[in-house]
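[1] Coordinates for the following, if possible.
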Amino acid sequence: MIKVICIGKIKDKDVNGIISDYLKRIQVFHKCEIEELKDYPNHETSSLNQLVIKQESDAIIQRLSQDDYVILLDLKGQYLSSEDISLQLETAFNQSYKNICFIIGGSLGVNDELRERANLIWKLSNNTFPHQLVRVLVLEQIYRGFKIIHHQTYHK
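    Residues are numbered from 1 along each chain as shown. Presented below is the predicted three-dimensional model:
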């Protein structure tokens with residue numbers, strides 16, 4: 001199964017409609033679900049924000065098993081092309097991982113423990129995007145990855 005584990009919920013019904021559309025497209029190839037975890041408010045002080053990062057990262061880590069292939073979206077990651085994403089999907093399937101988990105952390109980021117748990121750290125862009133848009137972009141890339149794997153014409 002493919003899991004997209006995210007901090008926070010999407011409240012915008014239009015964005016949820018796009019997310020649902022991509023989930024349906026992906027389901028043709030493989031089971032995929034989104035797991036939304038609680039987000040904590042940001043604070044004025046660094047020490048309180050570090051606590052938020054730890055709480056959110058710990059919640060994500062608790063959702064992972066040793067048999068999961070983890071792709072973390074993080075500014076400290078590497079750029080991946082659509083072809084690279086398809087290769088990562090194919091490799092993880094061939095190595096019989098239980099789940100492929102794409103992780104979208106909270107607005108403050110994640111801790112080093114979660115970075116160390118990741119099999120791959122993916123930097124989507126140097127730009128900052130709203131989390132709801134990142135979720136759409138990740139699902140689109142997963143869908144595109146399957147289209148590439150199956151030699152279908154979606155990818156140009």
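[2] contacts, neighbours, all on C-alpha from now
    Fine.
[3] Check which helix or strand the residue positioned nearest the centre of the chain maps to.
    When Cα atoms, centre = their mean is applied to the chain, the residue found nearest the centroid is residue 102 (3.0 Å). Using DSSP states H and E, residue 102 falls within strand 99-104.
[4] any idea of the mean pLDDT in that strand?
    Regarding strand 99-104, the rounded mean pLDDT is 98.
[5] For that strand, give me every contacting residue.
    Applying Cα atoms under 8 Å, 6 or more residues apart in numbering, the contact partners of strand 99-104 are 1-7, 60, 67-74, 89, 92, 131, 134-135.
[6] Now, those that are in strands?
    Residues of the contacts of strand 99-104 located in strands (DSSP state E): 2-7, 68-74.
[7] relative to strand 99-104, how tilted is the longest helix seen in the chain?
    Assignment by DSSP state H gives helix 131-149 as the longest helix of the chain. Orientation note: helix 131-149 sits at an angle of 140 degrees relative to strand 99-104 (axes from the mean of the first three to the mean of the last three Cα atoms, to 10 degrees).
[8] Pull out the buried positions in helix 131-149.
    131-132, 135-148 (16 or more other Cα atoms under 10 Å).
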